[in-house]
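Q: my questions are about this predicted structure, shown below with the sequence.
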Amino acid sequence: MEILPGLNESSFTGFSKLNRDERLQRLVVMGALTPADLAHLKSSHSHAMLTLSENLVENVIGCFPLPLGIAAHFHIDGRDIPIPMAVEETSVIASASATAKWIREQGEITTEIQGDSIIGQIQLPIVKDFTSFVAILMAHKQLLIDEANHHVVPGLVARHGGITDLTVRCIVRPDGATMAVIHVLLNPCDAMGANLVNQVCEFLKEPIQMLTGERVALCILSNLADTKITHAKVVIRNIDPIIGQGIVEASLFARCDPYRAATHNKGVLNGIDPIVIATGNDWRAVEAGIHAYACRSGQYQPITVWYMVGQDLIGQFAAPIMVGTVGGVTRLHPTAQMCLRMMQIQSADQLARVIAAVGLVQNLGAIKALSTKGIVKGHMKLHINNLLLSAGATLKEQIELQIELQGLLQTQHKITLSDVEGCLQRLRQEQHAA
Ligand code: MEV
């Protein structure tokens, strides 16, 4: 394997203490960056964005912007909403918009949330006597809740949130010993809640150890927040029965086969992640929660289901969506603030409901295409631009080759980078000869 010429044991010594210019210079000395990279990094991002980035993460050298687009035609719970989506994948926004338009013309999207609490876990790796452990804990449950509410999250309590319950789970370890896991249920109001619930769990560690004489190990939230589930429902009235049946069959395929369910859910997440990102929320947390929920029966399942009732197609989404509208990046990032404002989002629950609705609509767009004309044609049409860019075409060349490449796509039903490179080469030769 090739090694960077200037990289040695001391290259990263004190790296985190350097300012950005020093950091960039150090990377140039290592051979990790070229002068052209430096010019790119220095010209691509605003001072404000770099300063914000330095406040968010460590060892910043630049920013990585994603395209931010608007999915149009969404009408959710009786409200028109422009949907901001930060996503790099061609056709996601186009498909969401087209599907939302179809639903607007022929049906409706509604949403709701069941439950209000997220889960923090306090783990006791081995408890000597589980029965007496539970008895002591339950005898002091209200005291523990009151203390943590008072000392750690008084602001949440003032907003009608805070810790709502403590429950205990018994897990038999592979070595036969008993592990106890306390679940701290906490209503985070408009925060995503990870920091709050982590603080509460860590606060409770000492008192629980003192009261029970058992040892606490990990204190951390669970991303499987099955105590707060966001639901979305789509109805399409009087659907063409062949299209409806194709969508129902696609749904059944995902229910029967985890290999298909994974891709089916990826299509749902195509709608979910871009809004989670655009609003400055933690998309890894949302993904983790959704995948864990999809697996709750022991087999990985789709998080949406589609079925016919008479002439109508019904689709339903249900999964945890842990997002916030206050705190963290959501509050600090001007683009996240703008996106929340544009959707007129008033609460974290409302945001989660919009996200669920877009995920369900995105899924419908994908499985409708898959069960009718396939996705390659529509996808590749939009993908031609990406291929032209990858082949190094100038804007003028892109315009000149668009029609020809679309024609090629019609005849071959697919198009590759080497097709595009071939056409570009020929165009340049023709222009050179003229
Ligand atoms: C591609 O990003 C997403 C799809 O594969 C989803 C699906 O198969 O349902 C088209």
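A: Yep, that arrived.
Q: hey, let's count contacts and neighbours off CA atoms from now on
A: Will do.
Q: restrict the helix or strand where D37 lies to CA atoms and write it as PDB.
A: Per DSSP states H and E, D37 falls inside helix 35-44. This file holds the C-alpha atoms of helix 35-44, laid out as PDB (Å, rounded to 0.1, in the frame of the first residue of the first chain):
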ATOM      1  CA  PRO A  35      -2.000  23.100  -2.900                       C
ATOM      2  CA  ALA A  36      -5.000  22.700  -5.100                       C
ATOM      3  CA  ASP A  37      -6.900  21.100  -2.300                       C
ATOM      4  CA  LEU A  38      -6.000  24.000   0.000                       C
ATOM      5  CA  ALA A  39      -7.300  26.500  -2.600                       C
ATOM      6  CA  HIS A  40     -10.500  24.500  -2.800                       C
ATOM      7  CA  LEU A  41     -11.000  24.300   0.900                       C
ATOM      8  CA  LYS A  42     -10.200  27.900   1.400                       C
ATOM      9  CA  SER A  43     -12.500  29.200  -1.200                       C
ATOM     10  CA  SER A  44     -15.500  26.900  -0.800                       C
END
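Q: following it, which helix or strand shows up next?
A: Along the chain past helix 35-44, the next helix or strand (assigned with DSSP H and E) turns out to be helix 47-56.
Q: test my guess that A72 contacts T99.
A: No. A72 lies out of contact with T99 (CA atoms under 8 Å); the separation is 9.5 Å.
Q: between these two, which is the more surrounded one?
A: Set A72 next to T99 and count neighbours by other CA atoms under 10 Å: T99 wins out with 24 against 20.
Q: how about that one, nearest residue that isn't a chain neighbour?
A: Nearest non-adjacent residue to T99, counting by CA to CA, 6 or more residues apart in numbering: G365, 5.4 Å away.
Q: secondary structure of that neighbour: a strand, I assume?
A: No. Going by DSSP: H, G, I helix; E, B strand; the rest coil, the assignment for G365 is helix, not a strand.
Q: wait, it sits on A96?
A: Yes. In terms of CA under 8 Å, G365 counts as a neighbour of A96; the distance is 6.5 Å.
Q: more neighbours, the two?
A: Taking neighbours as other CA under 10 Å, G365 and A96 compare with A96 leading, 28 against 24.
Q: quick revisit: buried ones in the helix holding D37?
A: Within helix 35-44, the residues that count as buried by 16 or more other CA atoms under 10 Å are L38, K42.
Q: and that helix, how far out from the chain's middle?
A: 30 Å (CA atoms, centre = their mean, to the nearest Å).
Q: what does it rub up against?
A: L24, V28, I61, G62 (CA atoms under 8 Å, 6 or more residues apart in numbering).
Q: which stretches in the stretch 151-300 of the chain count as strands?
A: Applying DSSP state E, counting those that start in this stretch to the stretch 151-300 of the chain gives strands spanning 162-172, 178-187, 219-222, 229-236.
Q: what helices or strands is the second one leaning on?
A: Taking 3 or more CA pairs under 8 Å, 6 or more residues apart in numbering; DSSP states H and E as contact, the helices and strands that strand 178-187 lies on are strand 118-124, strand 162-172, helix 194-212.
Q: please apply the same query to the last one.
A: In this structure, strand 229-236 makes packing contacts with helix 92-106, strand 107-114, strand 312-319, helix 348-371, judged by 3+ CA pairs under 8 Å, 6+ apart.
Q: looking at these, which is nearest to the ligand?
A: The ligand sits nearest to helix 348-371 of all those, at 4.9 Å, using CA to the nearest ligand atom.
Q: how far off helix 92-106 does the closest one point, in degrees?
A: Angular relation of helix 348-371 and helix 92-106 on a 0 to 180 degree scale: 90 degrees, by axes from the mean of the first three to the mean of the last three CA atoms, to 10 degrees.
Q: next, format the helices and strands packed on strand 178-187 as TSV and append mean neighbour count, mean pLDDT and distance to the ligand.
A: TSV is the format used below for those (neighbours: other CA atoms under 10 Å; pLDDT from 0 to 100; distance: least, CA to the nearest ligand atom, whole Å):
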stretch	mean neighbour count	mean pLDDT	distance to the ligand
strand 118-124	25	98	29
strand 162-172	17	98	36
helix 194-212	18	98	29
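Q: select, out of these, the one closest to I314.
A: Ranking those by proximity to I314 (CA to CA) places strand 118-124 first, at 28.7 Å.
Q: hey, C-alpha coordinates of that closest one in PDB?
A: What follows is strand 118-124, C-alpha atoms only, in PDB (Å, rounded to 0.1, in the frame of the first residue of the first chain):
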ATOM      1  CA  ILE A 118     -38.000   8.100  25.200                       C
ATOM      2  CA  ILE A 119     -35.800   5.500  27.000                       C
ATOM      3  CA  GLY A 120     -32.600   5.800  28.900                       C
ATOM      4  CA  GLN A 121     -30.900   2.600  30.100                       C
ATOM      5  CA  ILE A 122     -29.100   2.000  33.400                       C
ATOM      6  CA  GLN A 123     -27.300  -1.400  33.200                       C
ATOM      7  CA  LEU A 124     -26.300  -3.500  36.200                       C
END
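Q: from the middle of its chain, how far away would it be?
A: 23 Å.
Q: and what of stretch 284-294?
A: When distances are taken as CA atoms, centre = their mean, stretch 284-294 is centred 9 Å away from the chain's centroid.
Q: could you list the residues in contact with it?
A: 223-226, 269, 273, 300-303, 319-323.
Q: any stretches of this protein with poor pLDDT?
A: 1-2, 378-379, 381 (pLDDT under 70).
Q: and the helix or strand hosting I403, what's buried?
A: In this structure, I403 sits in helix 395-412 according to DSSP H and E. Neighbour counts using 16+ other CA under 10 Å place Q398, L401, Q402, L405, Q406, L409 of helix 395-412 among the buried residues.
Q: the helix or strand following that helix - contacts with which helices or strands?
A: With elements assigned by DSSP H and E, the helix or strand that comes after helix 395-412 is helix 417-433. Packing contacts for helix 417-433, counted by 3+ CA pairs under 8 Å, 6+ apart, involve helix 376-390, helix 395-412.
Q: residues of the chain that sit close to the ligand?
A: Counting by CA under 6 Å from any ligand atom, the positions of the chain adjacent to the ligand are T263, H264, K266, G267, A366, I367.
Q: what sits against the second one?
A: Just to be clear, that refers to H264. Each residue near H264 by CA under 8 Å, 6+ apart is listed here: A254, P302, N363, I367.
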